[in-house]
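Enquirer: just a sequence and a predicted model for now, questions to come.
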Amino acid sequence: MKVDVIILAAGQGTRMRSALPKVLHPLAGKSMLSHVIGTARQLQDAQLHIVIGHGAEQVRAEDSSADIQFAIQSEQLGTGHAVQQALPNLRSDSIAIVLYGDVPLIQTKTLQRLVELAAQGSLALLTAVFADPSGYGRIIRDSNNKVSEIVEQKDANTEQLKVTEVNTGFMALPGKLLSELLPQLSNDNAQKEYYLTDLISLCAGSGVNIETVQPQDLAEVQGVNSRSQLVELERIYQQQQAEQLLQQGVTVLDPKRFDLRGSLRCGQDTTIDVNCVFEGRCELGDGVYVEPNVILINSRIGNNVVIKANSVIEDAVVEDHANIGPFARLRPGSVLREGAKVGNFVEMKKSELGKGSKVNHLSYVGDSQIGEQCNVGAGTITCNYDGANKHKTVLGDRVFIGSNSTLVAPLEIKADGFVGAGSTITKTIDNEQLAIGRGKQRNIDGWKRPSKDK
């Protein structure tokens, strides 16, 4: 079944008080429009048509994939006028469905139900029942309980205002029918705009069957017109993600203090403490414990790893039984082999730490290859940058680096090498050699402490 998805994304969103087009404001790490596009793409044989206007080039740049066609609405003359701009690109034998770039939590299964009804020749309308329907157009039904019209709140009489079933704006109908009806819309109203909702009365008047569907969750149809509404949807989305993880056997200690801004795959018996943020594509193995305030970005974590509080891990790979933090930072290209440990206030970049090796305290390791069972003492720095180029430091297995050492790359320390504390090392250390590179200490008698001038 061919489906032409029309996404309305031309509005300015003045209440956002932003130079950024409304549909590009982020929810869970990606734009609201990207959420809608991703959902629409899950429909079978979907061709996407995005109607743009305000900030058109910015919106166009959000996704330039081959399955998207853009239509320009140069004047904001209503939702019916917006859909008309996409009409020339629609396939004659498709089902047309209308979505909104500022309603990001709509679900594919809800859209699929609309499409299936429309495939039977009906106009399928997504409605919802709100305890407080203020601001929404009311669904008016006839004596046979069939939808006869939609009445906007400002036009509704006292009895109509009591109706709690409202229009969400989502609808699907055969593309051929849409092509026939759209030219019949009129702008004979106070706003001088063409309203898509007028299709309902046109269908009712011409005998076209109108069917309704309701969403499983009201959050699916909540739109965003202000930053406060965007924040509200953000928390709803995050709660949903946390609930899915709980169902998969992951412990999320407080779903209200959990943020997923991408995708997260987890094994069993993994625990995520409060205020953790996951961005991009992340993976946690079995038995992982993530302590509070951890940020994980595009990283893969093995089984039985402990990530202690306030650590930041980006574009890194961590193997089983490793231990990280607290206050550690793994920058892109960091690899921790099985059982390795990176301790508090340690930064790694583009480096591999071998099986069972440790960098426990206050150190910087960059552009390095560290073997197995090594120990890097507190305050050690790999000097990998000469002001123009990066150079590599290589440590063999079982190397010991004393505290407060400076390793000036390019440098190799071979297996079982030993560096005395406080050394600056610039030359290769062979197997089992001890290297000490300190300035000679002098103790001076009779030295007078400096005093302030009177």
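Expert: That came in fine, so what should we check first?

Enquirer: ok, the host helix or strand of L407: who's next to it in the sheet?
Expert: Applying DSSP states H and E as the criterion places L407 in strand 406-408. The pairing partners recorded for strand 406-408 under DSSP bridges are strand 381-383 (parallel), strand 424-425 (parallel).

Enquirer: show me how far it is from its chain's centre.
Expert: Mean-position distance between strand 406-408 and its chain equals 39 Å (Cα atoms, centre = their mean, to the nearest Å).

Enquirer: got the domain ranges for this structure?
Expert: Following automatic domain parsing, one finds the domains of the chain at 3-221, 350-441.

Enquirer: redo the ones you listed as TSV? Include mean neighbour count and distance to R449.
Expert: Just so you know, the C-beta spots here come from the backbone N, C-alpha and C atoms, and that holds for glycine as well. Formatted as TSV, the domains of the chain follow (neighbours: other Cβ atoms under 10 Å; distance: least, Cβ to Cβ, whole Å):
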stretch	mean neighbour count	distance to R449
domain 3-221	18	58
domain 350-441	18	19
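
Enquirer: put together a markdown table for those domains, with distance to V317 and mean pLDDT on each row.
Expert: Below are the domains of the chain laid out as a markdown table (distance: least, Cβ to Cβ, whole Å; pLDDT from 0 to 100):
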| stretch | distance to V317 | mean pLDDT |
| --- | --- | --- |
| domain 3-221 | 21 | 94 |
| domain 350-441 | 9 | 97 |
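
Enquirer: what's in contact with stretch 205-218?
Expert: With Cβ atoms under 8 Å, 6 or more residues apart in numbering as the test, stretch 205-218 has contacts from 105-107, 109-110, 113-114, 117, 120-130, 139, 146-147, 168, 177, 200, 202-204, 221.

Enquirer: returning to what we had before: and the strands paired with strand 406-408 as JSON lines, adding distance to L161?
Expert: Shown next, in JSON lines, are the strands paired with strand 406-408 (distance: least, Cβ to Cβ, whole Å):
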{"stretch": "strand 381-383", "distance to L161": "71"}
{"stretch": "strand 424-425", "distance to L161": "81"}
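
Enquirer: quick one: closest of those to M32.
Expert: The closest of the strands paired with strand 406-408 to M32 is strand 381-383. By Cβ to Cβ, the value is 43.4 Å.

Enquirer: and the closest one, how far out from the chain's middle?
Expert: Per Cα atoms, centre = their mean, the centroid offset for strand 381-383 relative to its chain is 35 Å.

Enquirer: quick one: the strands in the stretch 51-200 of the chain, in order.
Expert: Along the stretch 51-200 of the chain, the stretches classed as strands by DSSP state E, counting those that start in this stretch are 68-72, 95-100, 123-129, 138-141, 147-151, 165-174.

Enquirer: quick one: list the elements packing against the fifth one.
Expert: Applying 3 or more Cβ pairs under 8 Å, 6 or more residues apart in numbering; DSSP states H and E, we find strand 147-151 packed against strand 138-141, helix 198-206.

Enquirer: and what of the first one?
Expert: Counting contacts by 3+ Cβ pairs under 8 Å, 6+ apart, strand 68-72 is packed against strand 46-52, helix 56-62, helix 79-86.

Enquirer: also the second one?
Expert: For strand 95-100, the packing partners by 3+ Cβ pairs under 8 Å, 6+ apart come out as strand 3-9, helix 32-40, helix 108-118, strand 165-174, helix 175-181.

Enquirer: next, the angle helix 32-40 makes with the longest one.
Expert: Comparing the axes of helix 108-118 and helix 32-40 via axes from the mean of the first three to the mean of the last three Cα atoms, to 10 degrees yields an angle of 60 degrees.

Enquirer: shift numbering so it begins at 630
Expert: I'll keep to 630 as the first residue from here, and by that count the last item is helix 737-747.

Enquirer: what's next to helix 737-747, contact-wise?
Expert: Taking Cβ under 8 Å, 6+ apart as the rule, helix 737-747 contacts 630, 632, 668-669, 671-672, 724-726, 728, 753-755, 799-803, 840, 842, 844-845, 849.

Enquirer: repeat that for stretch 701-720.
Expert: 631, 633, 635, 637, 639-641, 676, 678, 680-683, 685, 698, 700, 725, 727, 798, 804, 807-808, 811, 814, 816, 820-828.

Enquirer: tell me which of the helices and strands packed on strand 724-729 sits nearest to L874.
Expert: helix 661-669 (18.9 Å).

Enquirer: so which elements touch the closest one?
Expert: Counting by 3+ Cβ pairs under 8 Å, 6+ apart, the elements that helix 661-669 packs against turn out to be strand 632-638, strand 675-681, helix 685-691, strand 724-729, helix 737-747.

Enquirer: send me the last one as CSV with only the CA atoms.
Expert: Translated: helix 737-747. Once non-C-alpha atoms are left out, helix 737-747 reads as follows in CSV (Å, rounded to 0.1, in the frame of the first residue of the first chain):
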residue,chain,number,x,y,z
THR,A,737,3.4,4.4,14.0
LYS,A,738,0.7,1.9,15.1
THR,A,739,-1.8,4.8,15.5
LEU,A,740,-1.0,6.1,12.0
GLN,A,741,-1.3,2.5,10.6
ARG,A,742,-4.8,2.3,11.9
LEU,A,743,-5.7,5.5,10.2
VAL,A,744,-4.1,4.3,6.9
GLU,A,745,-6.0,1.0,7.0
LEU,A,746,-9.4,2.7,7.4
ALA,A,747,-8.6,5.2,4.7
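
Enquirer: and it, how far out from the chain middle?
Expert: 26 Å.

Enquirer: ok so, going back, make JSON lines from the domains of the chain and add distance to F956 to it.
Expert: JSON lines is the format used below for those (distance: least, Cβ to Cβ, whole Å):
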{"stretch": "domain 632-850", "distance to F956": "24"}
{"stretch": "domain 979-1070", "distance to F956": "10"}
